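> Provide a 3D model corresponding to the input given below.
(one chain, ligands or ions: 1)
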Amino acid sequence: MTGGEGGHDALFDRAPDDRVRVLDESGALVGTPPDMSDAELVEIYRHMRLARHFDERAVTLQRQGRMGTYPPMAGQEAAQVGSAVVLDDEDWIVPSYREHAAVHVHGLSLSEILLYWMGHGAGGWGADANVFPAAVPIATQIPHTTGLAMASKLGGCGGEDGGVSGNRPQAGDAVACAYFGDGATSEGDFHEGLNMAGVFDVPAVFVCNNNGWAISVPRERQTASPTLAGKAAAYGIDGVQVDGMDPLATYRVMRAAVEKARDPDERPRPTLIEAVQYRFGAHTTADDPTVYRDESEVAAWRKRDPIPRLERFLRETGRLDDDRIDEIEADVRAQVAAAIERAEATARPDPETLFDDVYAVRTAELDRQRATMRRLRDRYGDDAFLRD
Ligand SMILES: Cc1ncc(C[n+]2csc(CCOP(=O)(O)OP(=O)(O)O)c2C)c(N)n1
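Reported below is the predicted structural model:
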């Protein structure tokens with residue numbers, strides 16, 4: 001099928017290294033802009049500013065001992081926001097641990113995200129958002145996404161009669177979208193998930209946030225494949241590379257992929273999107289990137305920062321001015337401050353809830369572990385758990 005934005009064929013029928021671009025590093029147009037209203041464009045900018053500020057505050061919270069280990073996303077906002085805004089509420093996001101902006105755009109509140117990194121069981125998911133819990137084991141979310149998309153194709157994966165995933169009824173044309181890193185493409189789960197998605201024509205989109213590094217392993221040591229997008233050929237699906245630091249290019253590609261997945265006339269088809277980008281910060285707050293990468297590399301990528309790039313485009317096309325930017329800045333700061341306050345005011349959970357939600361039905365082994373923990377707490381008190 002062809003879409004309205006220069007045609008999907010033009011986006012998918014291209015060499016894997018023919019990267020889709022819309023804005024260059026200076027914010028000048030170098031490709032077809034997506035068909036979006038001024039308000040939608042400014043909303044993408046606002047979301048990226050929110051994500052950047054959230055990220056800065058989250059790193060600080062960890063440094064202050066107010067939060068556990070946290071994986072920063074600065075530099076990666078465009079691919080997350082530009083893709084997630086395309087999804088409808090009924091669609092699903094199946095994220096890795098670094099997709100704070102994508103899951104927030106899709107309905108998870110900032111305080112729910114913070115609570116997860118504070119080690120609180122109420123964090124990382126929201127009753128009203130079609131967002132799976134973050135997958136920390138690399139690539140395991142990819143076959144989950146294929147399964148979810150298959151369930152969607154078969155007519156729904158929730159419902160009162162025992163859907164396993166949360167009991168929200170799901171329309172038959174819901175799309176499942178996985179987010180994962182470049183390192184995940186070397187895992188068996190990537191192969192199995194994409195292979196099955198291709199064979200069974202499921203409505204899925206696989207977004208690979210290629211940030212150049214899997215902790216200390218550079219992209220060149222990850223695979224001899226010249227691109228990650230090119231791996232799609234092995235599964236008989238489209239693979240497309242996009243400038244992942246260009247939110248408008250990401251939006252275009254994602255929109256075409258979602259429309260193809262949802263296509264009511266033709267069979268739905270999955271897509272692999274390789275969004276090329278860079279993480280400015282550490283892998284997590286427990287990592288020191290200066291040990292394995294050169295500062296000059298970081299400086300070069302900072303010149304491609306998605307936020308000033310879009311800001312310049314919006315200013316030069318009369319969609320944004322100083323006053324609006326100041327408003328956005330104030331709004332973003334207030335929103336993050338309120339989320340931190342809400343998360344920190346949330347009562348600490350009963351330690352025994354640790355055993356809830358491991359399986360749908362609690363096992364005898366879990367009951368035994370719970371009883372052991374209760375005995376230890378009675379005998380030594382909860383403070384004993386905090387001592388070295
Ligand atoms: C199955 C598995 N193996 C190893 C790890 C340890 N580990 C945590 S993050 C990471 C790197 C992942 O890199 P990538 O997929 O590129 O995602 P990024 O962190 O860059 O977003 C590894 C190897 C893990 N979490 N799970």
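> now the residue of the stretch 151-300 of the chain found nearest the ligand. Its backbone dihedrals?
Nearest residue of the stretch 151-300 of the chain to the ligand: Gly181, at 2.1 Å (Cβ to the nearest ligand atom). Every residue, glycine included, has its C-beta placed from N, CA and C. For Gly181, the backbone dihedrals (degrees, to the nearest 10) come out as phi -100, psi 180.
> is it true that it touches Phe206?
No - between Gly181 and Phe206 there is no contact under Cβ atoms under 8 Å: 11.9 Å.
> so which of those two has more stuff around it?
Using other Cβ atoms under 10 Å, the more surrounded residue of Gly181 and Phe206 is Phe206, with 31 against 25.
> ok, the more buried one touching Gly198?
No - in this structure Phe206 lies outside contact range of Gly198 using Cβ under 8 Å: 10.5 Å.
> give me the common contacts of those two.
Residues touching both Phe206 and Gly198 by Cβ atoms under 8 Å, 6 or more residues apart in numbering: Pro270.
> so how far is Glu40 from the most centrally placed residue in the chain?
Central residue check for the chain by Cα atoms, centre = their mean: the C-alpha nearest the mean position is that of Glu99, 3.1 Å away. Taking Cβ to Cβ, to the nearest Å as the measure, Glu99 and Glu40 are separated by 21 Å.
> now stretch 304-312: buried residues?
Neighbour counts over stretch 304-312 (16 or more other Cβ atoms under 10 Å) mark 304-307, 309-312 as buried.
> one more: stretch 352-369?
The neighbour-count check on stretch 352-369 (16+ other Cβ under 10 Å) flags Phe355 as buried.
> between the two ends of it, how far is it?
Taking Cα to Cα, to the nearest Å, stretch 352-369 runs 10 Å from one end to the other.
> swap in stretch 89-105?
10 Å.
> wait, does that stretch contact the ligand?
Yes - using Cβ under 6 Å from any ligand atom, stretch 89-105 comes into contact with the ligand via Arg98.
> now do that stretch, average pLDDT.
What stretch 89-105 shows for mean pLDDT is 97.
> got the buried residues for it?
Residues of stretch 89-105 classed as buried: 91-105 (neighbour count, 16+ other Cβ under 10 Å).
> from Leu108, how far off is the residue nearest to the centre of the chain?
From Glu99 over to Leu108 the distance is 10 Å, taken as Cβ to Cβ.
> re the thing from before, neighbours of the closest residue to the residue of the stretch 151-300 of the chain closest to the ligand other than its chain neighbours, just the number please.
Nearest residue to Gly181, sequence neighbours excluded (Cβ to Cβ, 6 or more residues apart in numbering): Asn209, at 5.6 Å. Using other Cβ under 10 Å, Asn209 is surrounded by 25 other residues.
> now swap in Gln80 and tell me
Number of residues near Gln80 (other Cβ under 10 Å) recorded here: 33.
> just how off-centre is the strand or helix carrying it within its chain?
With secondary structure defined by DSSP states H and E, Gln80 is part of helix 77-84. Computed by Cα atoms, centre = their mean, to the nearest Å, the chain-centroid distance of helix 77-84 equals 8 Å.
> after that helix, which helix or strand is next?
Heading C-terminal from helix 77-84 (DSSP H and E), you reach strand 92-94.
> show me where the stretch 101-250 of the chain has strands.
Per DSSP state E, counting those that start in this stretch, the stretch 101-250 of the chain carries strands over the ranges 176-181, 204-210, 213-214, 217-218, 238-243.
> just for the stretch 1-150 of the chain, where's the confidence low?
Residue ranges of the stretch 1-150 of the chain with pLDDT under 70: 1-9.
> mind listing what Arg66 touches?
118, 344.
> do you know how far it is from the ligand?
23 Å (Cβ to the nearest ligand atom, to the nearest Å).
> over to Leu354?
For Leu354 relative to the ligand (Cβ to the nearest ligand atom), the value is 20 Å.
> just to revisit the earlier point, and the furthest pair within the buried residues of stretch 304-312?
Comparing every pair within the buried residues of stretch 304-312 by Cβ to Cβ identifies Arg304 and Glu311 as the most remote, at 13.5 Å.
> coming back round to it: return the member of the buried residues of stretch 89-105 nearest to the ligand.
Relative to the ligand, the closest of the buried residues of stretch 89-105 is Arg98; by Cβ to the nearest ligand atom it sits at 4.5 Å.
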